[in-house]
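Participant: Fold the following.
(2 chains)
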Amino acid sequence: MSLAITSAISLNPSKRVLPGFALSLGISLLFISLILLLPITGLLLQTAGMSWNEYWSVISDPRVVASYKVTLWAAAWASAFNGVVGLLLAWVLVRYEFPGKRIVDALMDLPFALPTAVAGITLSALFAENGWYGSILAEAGIKVAFTPLGIIVAMSFTSLPFVVRTVQPVLEDLAVEDEEAAISMGGSDLTVFRRVIFPSLWPALLTGIALSFTRSLGEFGAVIFIAGNMPYVSEITSLMIFIRLQEFDYAAASAIASVVLLASLILLFLINIWQAFYLRRIHGR
Amino acid sequence: MSIRVENVSKRFGKFQALEPLSLEIPDGQLVGLLGPSGSGKTTLLRIIAGLESADTGRILFHGDDVTGVHVRDRRVGFVFQHYALFRHMTVAENIAFGLEVMPKGQRPNAKEIKKRVHDLLEMVQLGQLANRYPAQLSGGQKQRVALARALAMQPQVLLLDEPFGALDAKVRKDLRRWLRNLHDELHFTSVFVTHDQEEALELSDQVVVMSAGKIEQVDTPQTLYAQPDSRFVLGFLGHINVLQGDVNQGRLSQGNAWITLNDHPNAKQVECYFRPHEVKLQTQPSPTAHLPLKVSAVSLIGAEVRVELEADGWSSPEPWEVGISHAEYNAWQPMRGDRCYAVPEVGHLFSSDKTEPELIQWSQAQQRPVSTARSSVVSLFASA
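Facilitator: Alright, predicted model coming up:
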């Protein structure tokens, strides 16, 4: 009897306890290919028809370069703003109890759920010179709609949930005991935040900011309504891709798109490498 | 630094965590707060530390009222059950934290801090691990780092919340002994919380037994064990054997079991408690006790053999436990199902109207002398 069992095991040494590994992995890989890899390959193939010179002249066109600058700066400001505000929102949602907390928590996802075009129209209506916010800001001499500032507003609106939703779980897991220990040793509130809480939040916060930044780089719907789209001033890179497409210049559109794609990928890789480094220290691996 | 707790109470919503209670902890003592979970011992410790505020009452350190003093100004060292080490800091950085966050005027300079950290690490015997991160340490090492960290700013009192609760038995024993030595060396006042009776009795100068938000008894371990004040304390300190029944004409009986109680008034619902080592096992009942039992299990591990027994012809809420020596065991060789009789030497009698026990001792004259009784036990069992 025992002999039969041992031989059954040795005949099938790699038998897993949980079933369905091969099937589910196969399906996952198929979908990754269909949804991610194939379009990226298509994009790169589009540009393959161009020579290096053509490629370079398309992506280094002064108007396109200006759009890179606008997009990068706006995305940087938007994600920096989201880093601060998102951390604050996550903090309030995790640390305090107040009536309507569940509703506020649900509202956090609204920018994801809302069609970006709707967000764009709403924002441009609000921030136009005769809009609710715009009229007040106009008195202070600040113009938001149809300026690069409007781009920042639209970008930060659509990507805020990234920061909140990445920081929130980490904040929830943070042991209250760590803080109590730090306070009992005489640490001031600021010291405790700076030296105990923040270092634990930092990786998640940076991931949130990076996601917010990469999302902002590609934001189109919300931005074009409020940006004003003045060449060299408030044109974003996505719009340049759109314009090339309207001219049926698919190769040029793909060339510009590949620049955005590359920038996003490099950023994500860098963040991941840094994070692995940091987390290894904390988890002792 | 003595600690005085005056009339402190605490309520969490509808749950009364602490009834108003008072407690005096003399300077330099190591005091254990002992109780089952939910007895309020951790809440009391946190109130002493200032991590929790009391609803009523005052806390005094060395006669000074510190009730309104923030935890960061109370100068208490607090050690948490799960260490609460800062994960992103090395062992040395963790220990230095309390020194580095001191206000500018009092803060020692960098060189001094380095030296203090070094000395503390030597004290907890972890000098070679200064640059490790907490995740790279074992549980016992982590707790020693936490202790060094708590001691770094030379606190007035050291408070420990179930400090050995998360450690395995062997490490726990080592660390316990080590803490006792450290305390004897440095003489700080310390209070620790535990639910482990053995730990409390072994480590403390005084034990505070708590249950349901109240203090049941405060005494030295010796007194606590010899003269427990209440059923709770008696029952909480180790296993206890019980005979429940009615007293009639100087006899407490239930079913076919009885013990003699000289001139005790008739009463209903009386309980007599016997500690495992205050009971002998014989093949014959004695004139003072008739407690038939059946062996249900035998455990050989430890200094003595623990025999678990079932009531035979009467009922007991929990199985009986009696400790016999290995020599007795070897002579008797009890097996499951063997019958025998328990003969108690000392009993703790609780009448339904009183919470304090009455100590009953069966005089040696009524019983066979212990020495001969013991040898006869051996010979009788041997022949049986």
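Participant: Hmm, residue B:143 is touching residue B:168, no?
Facilitator: No - the criterion here is C-beta atoms under 8 Å, and residue B:143 misses it with residue B:168 at 11.9 Å. Placement of C-beta: from N, CA and C, glycine included.
Participant: which bits of the stretch 151-300 of chain B sit near chain A?
Facilitator: B:152, B:153 (C-beta under 8 Å from any C-beta of the partner chain).
Participant: so which residue of the stretch 151-300 of chain B comes closest to chain A?
Facilitator: Among all residues of the stretch 151-300 of chain B, residue B:153 sits closest to chain A, at 6.4 Å; criterion: C-beta to the nearest C-beta.
Participant: Tell me, how many residues neighbour that residue?
Facilitator: Counted with other C-beta atoms under 10 Å in any protein chain shown, residues neighbouring residue B:153 total 20.
Participant: Mind listing what's buried along stretch B:202-214?
Facilitator: Residues of stretch B:202-214 classed as buried by neighbour count (16 or more other C-beta atoms under 10 Å in any protein chain shown): B:203, B:204, B:206, B:207, B:208, B:209, B:210, B:211, B:213, B:214.
Participant: Which member of the residues you listed is positioned nearest residue B:35?
Facilitator: residue B:210 (3.7 Å; C-beta to C-beta).
Participant: Helices of the stretch 101-250 of chain A, residue ranges please.
Facilitator: Under the criterion DSSP state H, counting those that start in this stretch, the stretch 101-250 of chain A contains helices at A:101-107, A:110-113, A:116-127, A:132-139, A:148-173, A:176-184, A:189-192, A:198-218, A:221-227, A:237-246, A:250-283.
Participant: tell me the most buried of the ones you listed?
Facilitator: The highest mean neighbour count among the helices of the stretch 101-250 of chain A, using mean count of other C-beta atoms under 10 Å in any protein chain shown, belongs to helix A:221-227: a mean of 25.
Participant: contacting residues around the residue of the stretch 151-300 of chain B closest to chain A?
Facilitator: If you count contacts by C-beta atoms under 8 Å, 6 or more residues apart in numbering or on different chains, residue B:153 has them with A:185, A:186, B:75, B:77, B:98, B:99, B:102.
Participant: list the buried ones in stretch B:212-227?
Facilitator: B:213, B:214, B:215, B:216, B:217, B:218, B:219, B:221, B:224, B:225.
Participant: Please produce JSON lines containing those, extended by secondary structure, pLDDT and distance to residue B:320.
Facilitator: Shown next, in JSON lines, are those (DSSP: H, G, I helix; E, B strand; the rest coil; pLDDT from 0 to 100; distance: C-beta to C-beta, whole Å):
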{"residue": "B:213", "secondary structure": "coil", "pLDDT": "90", "distance to residue B:320": "32"}
{"residue": "B:214", "secondary structure": "strand", "pLDDT": "89", "distance to residue B:320": "29"}
{"residue": "B:215", "secondary structure": "strand", "pLDDT": "92", "distance to residue B:320": "30"}
{"residue": "B:216", "secondary structure": "strand", "pLDDT": "90", "distance to residue B:320": "24"}
{"residue": "B:217", "secondary structure": "strand", "pLDDT": "90", "distance to residue B:320": "25"}
{"residue": "B:218", "secondary structure": "strand", "pLDDT": "92", "distance to residue B:320": "30"}
{"residue": "B:219", "secondary structure": "strand", "pLDDT": "91", "distance to residue B:320": "27"}
{"residue": "B:221", "secondary structure": "helix", "pLDDT": "90", "distance to residue B:320": "25"}
{"residue": "B:224", "secondary structure": "helix", "pLDDT": "87", "distance to residue B:320": "23"}
{"residue": "B:225", "secondary structure": "helix", "pLDDT": "84", "distance to residue B:320": "19"}
